[in-house]
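>>> Prediction below, plus the sequence it came from.
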Amino acid sequence: MTSTFLDPKIAKLYESVPAAELEKLHRFRAQYPCQSVMIDGVTWRYIDNGEGDIPLLVLSGALAIAEISWPTITRLAQHYRVIAPDYSPVPTMDGLVDGLAGILDHVGVERAHVMGGSYGGMVAQAFVRRYPERSISLVASHTLYPDPALGQTLRKTLRFLRFLPAFALRSLLSRRLIGGLIEEGRPELVLLKAHSLEIVKYRLAKKDFMAIFRRTIDWSEKPYTPDDLKDWPGRVLLVLSADDPATPEPTRERLKSLYPGAQVHLFEGTGHASAVLRQDEYIGVMREFIDASDAALREA
């Protein structure tokens, strides 16, 4: 397979990526094509692939396109049936998780393990609360808890962001989101950064950016408590990193207090990119938890 891009501007983003690494991304795109379905007038795109019978809903980060999690999807799909959706530009978190439930309906999955990283961890928490009967377990990785203060800050920011043209929004997200969370100087993250920039610069429209902000505001103002899931039989895994700039220690402790019975796995030295920098350990923790949760379900 030739590792080339039709658009020379996109190809330029990947100039520093080793050919062998870039080939893996091209191979993923060929082997894990997106499908689409219309639900209540909204088009939803998703990946549905994998070797196992156990269904796993994989929710990617704020870039809104499932493909950004391709290393995790590839590894997990060797053991589970992975359903990984893109996020359509709906303005509320409830609207987003309703669309995800519609995708599960479309592919014939009644219940699934729910796994989300970063922004996807927020989506996963929302899904489990809105659809507990469809959620076998919850994995929330490198993510936040609802914080009204964050919502207020973003609401003020949105007042001027909505007037910015798409190119300015792309520049802002490239600096704040990608530049702030993907550590410079680590060769293992060169492909992740290039891929993220491709999505921000060439695959998301202004309506996508606005929807990401509006859903974050909506979610931040939700009054989650430790009692929300007290009657839910599922198990919870929190995957965190001690040096993640998005989740400093007070944030991690607040998240853990929201899930008092959760299993916790803490990485060291991986920042916000544990899934890439320590992939074997990351996938191993996920698999052990999902398999144990599925076994508990069968025994119940």
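Arrived safely. Since we're looking at a predicted model, the values are computed, not measured.
>>> And the pLDDT for residue 6?
We have a pLDDT of 72 for residue 6.
>>> How about residue 296?
pLDDT recorded at residue 296 is 87.
>>> Grab the nearest non-local neighbour of it.
Closest residue in space to residue 296, ignoring its immediate chain neighbours: residue 235 at 6.9 Å, by Cβ to Cβ, 6 or more residues apart in numbering. All C-beta spots, glycine's among them, are computed from the backbone N, C-alpha and C.
>>> you'd agree the one you found is up against residue 288?
No. Using Cβ atoms under 8 Å, residue 235 makes no contact with residue 288, being 11.6 Å away.
>>> Looking at the two, which one has more neighbours?
When residue 235 and residue 288 are compared on other Cβ atoms under 10 Å, the one with more neighbours turns out to be residue 235, at 20 against 13.
>>> can you pull the contacts of the more buried one?
137, 138, 262, 263, 289, 292, 293, 296 (Cβ atoms under 8 Å, 6 or more residues apart in numbering).
>>> again, only this time at 7 Å
137, 293, 296 (Cβ atoms under 7 Å, 6 or more residues apart in numbering).
>>> among the residues you listed, who's most crowded?
residue 137 (24 neighbours).
>>> any idea of the mean pLDDT in stretch 50-64?
Here stretch 50-64 scores 93 as its mean pLDDT.
>>> what ranges do the strands span in the stretch 151-300 of the chain?
For the stretch 151-300 of the chain, the strands defined by DSSP state E, counting those that start in this stretch cover 235-241, 263-267.
>>> quick one: the residue lying closest to residue 225 once chain neighbours are set aside from residue 134, how far?
The spatially closest residue to residue 225, leaving aside those adjacent along the chain, is residue 258, at 7.5 Å (Cβ to Cβ, 6+ apart). Residue 258 sits 20 Å away from residue 134, going by Cβ to Cβ, to the nearest Å.
>>> same check, this time on residue 25
In terms of Cβ to Cβ, residue 25 sits 31 Å off from residue 134.
>>> Same question for residue 231.
Taking Cβ to Cβ, one finds residue 231 at 15 Å from residue 134.
>>> more neighbours, the two?
A count of neighbours by other Cβ under 10 Å puts residue 134 above the other of residue 231 and residue 134, at 19 against 7.
>>> At which residues are the strands of the stretch 1-150 of the chain located?
35-39, 42-50, 55-59, 81-85, 112-117, 135-141.
>>> Next, format those strands as CSV and append distance to residue 67.
Putting those into CSV (distance: least, Cβ to Cβ, whole Å) gives the following:
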stretch, distance to residue 67
strand 35-39, 13
strand 42-50, 8
strand 55-59, 11
strand 81-85, 8
strand 112-117, 14
strand 135-141, 17
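>>> and residue 125, which of those is closest to it?
With Cβ to Cβ as the criterion, residue 125 lies closest to strand 135-141 of the strands of the stretch 1-150 of the chain, at 6.0 Å.
>>> and the angle from the closest one to strand 55-59?
When axes from the mean of the first three to the mean of the last three Cα atoms, to 10 degrees is applied, the directions of strand 135-141 and strand 55-59 differ by 30 degrees.
>>> list the helices and strands strand 135-141 packs on?
Counting contacts by 3 or more Cβ pairs under 7 Å, 6 or more residues apart in numbering; DSSP states H and E, strand 135-141 packs against strand 112-117, helix 119-130, strand 235-241, helix 279-299.
>>> Quick one: residues contacting the closest residue to residue 38 other than its chain neighbours.
Distances taken as Cβ to Cβ, 6+ apart put residue 44 closest to residue 38, at 7.7 Å, once the chain neighbours are dropped. Counting by Cβ under 7 Å, 6+ apart, residue 44 makes contact with 36, 37, 85, 88, 99, 102, 103.
>>> Ok, residue 76 next?
Per Cβ under 7 Å, 6+ apart, neighbours of residue 76: 56, 58, 82, 283, 286.
>>> how about low-confidence regions in the protein?
1-4, 176-183, 185 (pLDDT under 70).
>>> Could you give the backbone dihedrals for the spatially most central residue of it?
Against the mean C-alpha coordinate of the chain, by Cα atoms, centre = their mean, the closest residue is residue 60 at 1.9 Å. When read as degrees, to the nearest 10, the backbone of residue 60 gives phi -80, psi -180.
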